[in-house]
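Novice: Sharing a sequence plus its predicted fold:
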Amino acid sequence: MIELSKKLYLAKKEWSQLDCEASKLEETKKTILGCIIQVLLQSDPKLSIAKAEWLAYASGEYQEHVNQMTNARMQANIKYAEVQGIIERIKEVEREEIKNSMELKYNNKNGYGG
């Protein structure tokens, strides 16, 4: 059980780090978009804001950021699923220990448990 608790701690720690990275990328999405729009407008002052925004969404830089963001979130979600699996395994072990304890008490009470 100590092994599982340690495994759970390490998985939660890793999940926290992955979740933090994914959240940072999500939080900077609008900033990246704004910077791209600003560069586009500075390079072509006649460009409408709507068109600059459309071009920014289509830019390779923005698409790369979105890909990094979604991949980071996916990695965090995979680690979270691992955390949940470890929690379920701990619950199974606890249930098995309770079952074994109850069987031992029952067998000892009835004179069968040595």
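Specialist: Right, received. Where do you want to start?
Novice: which of the residues in the helix or strand harbouring Cys20 are buried?
Specialist: Using DSSP states H and E, Cys20 sits within helix 2-27. Across helix 2-27, burial judged by 16 or more other CB atoms under 10 Å covers Leu8, Ala11, Lys12, Trp15, Leu18, Asp19, Glu21, Ala22, Leu25. C-beta here means a position set from N, CA and C on the backbone, and glycine is covered the same way.
Novice: Spatially nearest residue to the fifth one (excluding sequence neighbours)?
Specialist: Nearest non-adjacent residue to Leu18, counting by CB to CB, 6 or more residues apart in numbering: Ala76, 3.9 Å away.
Novice: OK, contacts around the one you found?
Specialist: Trp15, Leu18, Asp19, Glu21, Ala22 (CB atoms under 8 Å, 6 or more residues apart in numbering).
Novice: biggest helix in the protein by residues?
Specialist: Longest helix in the chain by number of residues (criterion: DSSP state H): helix 60-109.
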